[in-house]
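Asks: next one to model:
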Amino acid sequence: MAEFLDDQETRLCDNCKKEIPVFNFTIHEIHCQRNIGMCPTCKEPFPKSDMETHMAAEHCQVTCKCNKKLEKRLLKKHEETECPLRLAVCQHCDLELSILKLKEHEDYCGARTELCGNCGRNVLVKDLKTHPEVC
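Replies: You can find the predicted model right below:
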């Protein structure tokens with residue numbers, strides 16, 4: 001059995017999987033079994049009255065702009081870190097492009113030249129950051 005910081009004895013509720021003080025356990029268990037249900041998808045406890053809303057809001061299938069189907073709750077992370085159509089910034093010119101086009105653009109963009117203000121030579125854009133060391 002786990003203990004709270006103030007040394008209260010606790011028991012694990014089989015329904016909501018939370019540690020409950022023993023002196024309050026019976027009343028909690030009765031209330032919990034009547035009112036709390038476990039989401040079958042994410043295994044989180046929710047009020048039974050909110051389960052339908054939770055399922056519709058979090059677990060319904062949505063389609064990303066890249067045509068991948070996933071749960072609504074996973075869409076934001078997918079769009080930010082996995083989606084091949086997410087935007088990224090070119091390291092050379094700060095232009096925003098989809099991640100699919102970025103490599104090709106950066107290869108082209110970094111191969112352009114700019115005039116060095118110190119030595120007067122044309123320097124590849126991809127080498128501008130290291131050029132002052134050899135200028």
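Asks: what's the span of stretch 60-73, first residue to last?
Replies: 8 Å (Cα to Cα, to the nearest Å).
Asks: on the three-state scheme, the residue nearest to the spatial centre of the chain is what?
Replies: Residue closest to the average C-alpha location in the chain (Cα atoms, centre = their mean): Lys77, at 3.3 Å. Here Lys77 is recorded as helix under DSSP: H, G, I helix; E, B strand; the rest coil.
Asks: buried residues of the helix or strand Glu106 falls within, list them for me.
Replies: Element membership of Glu106, judged by DSSP states H and E, is helix 99-110. For helix 99-110, the neighbour count (16 or more other Cβ atoms under 10 Å) marks Leu102, His105, Glu106, Cys109, Gly110 as buried. The way it works is simple: take the backbone N, C-alpha and C, and place the C-beta from them, glycine included.
Asks: would a markdown table of those residues with pLDDT and distance to Gln91 be doable?
Replies: Shown next, in a markdown table, are the buried residues of helix 99-110 (pLDDT from 0 to 100; distance: Cβ to Cβ, whole Å):
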| residue | pLDDT | distance to Gln91 |
| --- | --- | --- |
| Leu102 | 94 | 9 |
| His105 | 93 | 10 |
| Glu106 | 92 | 6 |
| Cys109 | 90 | 8 |
| Gly110 | 88 | 8 |
